[in-house]
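Engineer: okay, sequence plus prediction incoming.
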Amino acid sequence: MTETYEVLWSRSALKDLDEILEYLAEEASIERAMEVYEGLRRNIATLKIHPRRCRRVPEFRRLGLEEHRELLSPPYRIFFRLRGRTLLLLGILDSRRDLEELLVQRALEL
């Protein structure tokens, strides 16, 4: 029997999702926003089983943060942290943007 992980959303991840969908609804269409939402939802649901299949975040590994991983859902990077059987979604970011710049922005918002 395969063990499953509990998937929890951080406020940052929820905010990221909201901003992505809002942007797509305004710039493309509500239909496009819904397509992206469904794709992200399906991909995130797969994390309940075997989240360790996802790569460690290269930018975080350089900082010694080995428990942080990412699921790629082009063009988005879905960041999460594993602790025991709990998986915390940390953020959903556009891979075309500079991750280090985004992390600095987030740190300044705290």
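Structural biologist: Structure received.
Engineer: low-scoring stretches of this structure, by residue?
Structural biologist: 1, 102-110 (pLDDT under 70).
Engineer: go ahead and flag the most central residue of it.
Structural biologist: The centroid of the chain falls nearest to residue 78 when counting by C-alpha atoms, centre = their mean (2.1 Å).
Engineer: next, the contact list for that one, please.
Structural biologist: 40, 43-44, 70-72, 89, 91-92 (C-beta atoms under 8 Å, 6 or more residues apart in numbering). For the C-beta atoms, the positions are set from N, CA and C on the backbone; glycine is no exception.
Engineer: just to be sure, it is in a strand?
Structural biologist: Yes: checked against DSSP: H, G, I helix; E, B strand; the rest coil, residue 78 lies within a strand.
Engineer: tell me what it is bridged to.
Structural biologist: residue 71, residue 92 (DSSP bridges).
Engineer: can you pull out the helices in the protein?
Structural biologist: Using DSSP state H, the helices found in the chain span residues 11-27, 30-45, 58-61, 99-109.
Engineer: now distance to residue 5 too, for the ones you listed, in TSV please.
Structural biologist: Converted to TSV, the helices of the chain look like this (distance: least, C-beta to C-beta, whole Å):
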stretch	distance to residue 5
helix 11-27	15
helix 30-45	11
helix 58-61	19
helix 99-109	24
